[in-house]
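[1] Next one to model:
(one chain, ligands or ions: 1)
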Amino acid sequence: MKVIKLRDGKERSLRKRHPWVFEGSIASGRADAGETVRVESHTGEFLAWGAYSPASSIRVRAWSFDAAERIDASFFGRRIARAVAVRARLPIESDAMRLVHGEADGLPGLVVDRYGDTLCAQFTAAGVERWKGAIADALLEVTGLRRLYERSDASVRELEGLAPVTGWLRGAPDDAEDTEITIREHGWRLTVDVARGHKTGYYLDQRDSRKLFADSVRHFGVQRVLNCYSYTGGFSIAALAGGAAQVTSVDSSGPALERASAHVALNGFDVARHTVVDADVNATLRRFIDEGRRFDAIVLDPPKFAATAGQAERAARAYKDINRLAFGLLEPGGLLFTFSCSGGVSADLFHKIVAGAGLDAGIDGQIHARTGAAPDHPMTVTFPEGEYLKGLVIVKQIA
Ligand code: SAH
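    A predicted model of the protein is given here:
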């Protein structure tokens, strides 16, 4: 067993059960990509078992803080069984959910989503890459499912020195090109293409916010909805289900909008109630202001503007801009569902940015709810980096 010895004082973060060891904390030792190492303090005390990643600045990701634990195929079986058991107790109104959420489930670098009878996994660190076969077997064994698609094409793999890999890992259907699955979320039917969709196919983390949106649209009697960064129209279907008369979905991805339109028909809604705009959101918001358009509810669910805290300032300007424009397009008493999935922007900072946007627009509002990722995307108390998605539900003040 190879030993990684830390510098004096650098054992603190592992002692707090934070799972990462940065390159600069290591005094001695090296190993192959993904190899299991024993991490010790400078005095030789056991701290953790972990996976070594020679190319990454996160040089070791901890598997376990228990000296007696063996990192073998059955270890992965146990971790996966635990992750799946947690989800079985959650009130998830869907046959699509995240089963494994990386560090928060004790499996750094592994994401596994379930879409109906199909699993879709993303391996983004050297450790899980090395154990891929055992992980794939354990996933099928624990869930009783047969199909597993791999979507290891996230750009973060580059930081680990890993090339992109996609395709069926287990149980390819007769037609391997058949990668579309129909899921049921809150009673709505949605299609997901695990090969071509974003991430593993769909944004499962917003499931609870889509439900809250549908309920709010109904409760407030919302008629005109603007869904910005709509992707395949999850919030648009929520709006139609909630009784909105007219929904506009804006996204810069043509294929995502095509799927959004298909979802309207698939759920039996009159297609005349839905309009798509294939364009940049910021430019579209400005155009709508020029045209004097008004909406009763607006969703702003942009992509990650800041991956790290270092990019937060530039991201803050981008968030402020779209929120200011959205405030202007809302009718008094209208609803704003505004989100940030930037790990580098804290919930506190996001609140300040949105407050600044309201101030610039000369508009006040009341915060009716704060939202986060659905609970199948958990955070652990020991890994604050796990918080990424936050949202505010704001009601624009009535004049
Ligand atoms: N709300 C969605 C998820 C949104 S993901 C859901 O519930 O499923 C972010 C989306 O923003 C992606 O679909 C991406 O294509 C789109 N996007 C990224 N930059 C954009 C831009 N500048 N203008 C419009 N859409 C953009």
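[2] Past the longest helix along the chain, which element shows up next along the chain?
    Under DSSP state H, the helix in the chain containing the largest number of residues is helix 312-329. Where DSSP states H and E defines the elements, the next helix or strand beyond helix 312-329 is strand 330-340.
[3] export that following strand as CSV, just CAs?
    The C-alpha coordinates for strand 330-340 follow below in CSV (Å, rounded to 0.1, in the frame of the first residue of the first chain):
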residue,chain,number,x,y,z
LEU,A,330,-42.9,41.7,-14.5
GLU,A,331,-46.4,43.0,-13.8
PRO,A,332,-46.8,44.4,-10.2
GLY,A,333,-47.7,41.4,-8.0
GLY,A,334,-45.9,39.1,-10.5
LEU,A,335,-43.7,36.2,-9.6
LEU,A,336,-39.9,35.9,-10.1
PHE,A,337,-38.3,32.5,-9.7
THR,A,338,-34.6,33.3,-9.9
PHE,A,339,-31.8,30.8,-9.6
SER,A,340,-28.0,30.5,-9.5
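[4] Who are the contact partners of the residue positioned nearest the centre of the chain?
    In the chain, the residue lying closest to the centroid (CA atoms, centre = their mean) is Asp205, at 5.3 Å. Neighbouring residues of Asp205 by CB atoms under 8 Å, 6 or more residues apart in numbering: Arg98, Cys341, Ala373, Ala374, His377, Leu389. Using the backbone N, CA and C atoms, a C-beta is placed for each residue, glycine as well.
[5] Nearest to the ligand among the residues you listed?
    Cys341 (7.9 Å; CB to the nearest ligand atom).
[6] I'd like to know how far the closest one sits from Asp301.
    8 Å (CB to CB, to the nearest Å).
[7] pLDDT wise, what is the residue of the chain positioned farthest from its centre at?
    No residue in the chain sits farther from the centre than Thr43, which is 39.4 Å out by CA atoms, centre = their mean. Looking at Thr43, its pLDDT reads 97.
[8] Just confirm it is within a helix.
    No: applying DSSP: H, G, I helix; E, B strand; the rest coil, one finds Thr43 to be coil, outside a helix.
[9] Next, give phi and psi for it.
    Here is the backbone geometry of Thr43 (degrees, to the nearest 10): phi -90, psi 0.
[10] Use 43 as the first number from now on
    Sounds good: first residue 43 from here, last item Thr85.
[11] ok, it - contacts?
    So Thr85 contacts nothing (CB under 8 Å, 6+ apart).
[12] how does it look with 10 Å?
    By CB atoms under 10 Å, 6 or more residues apart in numbering, Thr85 lies in contact with Lys47, Leu48, Asp50, Glu53.
[13] so what does the helix or strand hosting Gly175 touch, helix or strand wise?
    Taking DSSP H and E as the criterion, Gly175 maps to helix 174-185. For helix 174-185, the packing partners by 3 or more CB pairs under 10 Å, 6 or more residues apart in numbering; DSSP states H and E come out as helix 115-130, strand 138-143, strand 152-157, strand 160-165, helix 168-172, strand 189-194, strand 207-212.
[14] Report the separation between the residue nearest to Gly285 when sequence neighbours are not counted and the ligand.
    Excluding the flanking residues, the one nearest Gly285 by CB to CB, 6 or more residues apart in numbering is Arg260, at 5.4 Å. Remark: distance between Arg260 and the ligand (CB to the nearest ligand atom, to the nearest Å) = 18 Å.
[15] name the element Arg260 belongs to?
    For Arg260, the enclosing helix or strand under DSSP H and E is helix 249-262.
[16] Now do the next helix or strand after that helix: distance to the chain's middle.
    Counting by DSSP H and E, the element after helix 249-262 in chain order, helix or strand, is strand 266-270. Distance of strand 266-270 from its chain centroid, counting by CA atoms, centre = their mean, to the nearest Å, is 22 Å.
[17] Briefly note if the next helix or strand after strand 266-270 comes near the ligand.
    Using DSSP H and E, the helix or strand that follows strand 266-270 towards the C-terminus is helix 276-283. Yes: Helix 276-283 lies within reach of the ligand by CB under 6 Å from any ligand atom, at Gly276, Phe277.
[18] hang on, the earlier thing: residues contacting the residue nearest to Gly285?
    Ala280, Ala281, Ala283, Gly284, Gly285, Ala286.
[19] Quick one, which of those residues are buried?
    Buried subset of these (neighbour count, 16 or more other CB atoms under 10 Å): Ala280, Ala281, Ala283, Gly284, Ala286.
[20] how about the residue nearest to the second one when sequence neighbours are not counted, what does it touch?
    Okay, so that is Ala281. Nearest residue to Ala281, sequence neighbours excluded (CB to CB, 6+ apart): Val267, at 4.2 Å. Contacts here follow CB under 10 Å, 6+ apart; on that basis Val267 touches 255, 259, 277-278, 280-282, 284, 286-291, 315-316, 337-341, 376-377, 379.
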